[in-house]
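predicted coordinates and the sequence they were generated for:
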Amino acid sequence: MPVYEYECDACNHRFEKKQGFHDKPVEKCPKCGARPRRVIHSAPVIFKGSGFYITDSRKKAPELGKAKEKPAEKKKKEKKK
């Protein structure tokens, strides 16, 4: 069950109430008896997975001056020696 937060405009009392989705909203403040209003909060945004950071989409820069040799080419050079 969700927990809803209420605030009374008459006495500024804030309180929480555990209610089901189909329950009626609270009609009386427990302190003064006036009608409270439900306080609405924004939902947090959570980014999961890769691709959200600048480092996730970057490829490493190729190193200049160093050519990558394939393993087969290395073996051929070793045999010639």
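Received, thanks. Residues are numbered from 1 along each chain as shown.

hey, let's count contacts and neighbours off CA atoms from now on
Fine.

where does the chain have low pLDDT?
50-81 (pLDDT under 70).

show me where it has helices.
Along the chain, counting by DSSP state H, helices occupy 54-57, 71-80.

what's across from residue 18 in the sheet?
Beta bridges link residue 18 to residue 3 when assigned by DSSP bridges.

what are the ranges of the strands in this structure?
With strands called from DSSP state E, the chain shows them at 3-8, 14-18, 36-39.

between the ones you listed, which one is nearest to residue 46?
Evaluated with C-alpha to C-alpha, the strands of the chain place strand 3-8 nearest to residue 46, the distance being 20.6 Å.

contacting residues for the closest residue to residue 6 other than its chain neighbours?
Counting by C-alpha to C-alpha, 6 or more residues apart in numbering, residue 38 is the residue found nearest to residue 6 once chain neighbours are left out, at 4.4 Å. Residues in contact with residue 38 (C-alpha atoms under 8 Å, 6 or more residues apart in numbering) are 4-7, 25.

going by neighbour count, which of the residues you listed comes out on top?
Neighbour counts for the contacts of residue 38 (other C-alpha atoms under 10 Å) peak at residue 6, which has 21 neighbours.
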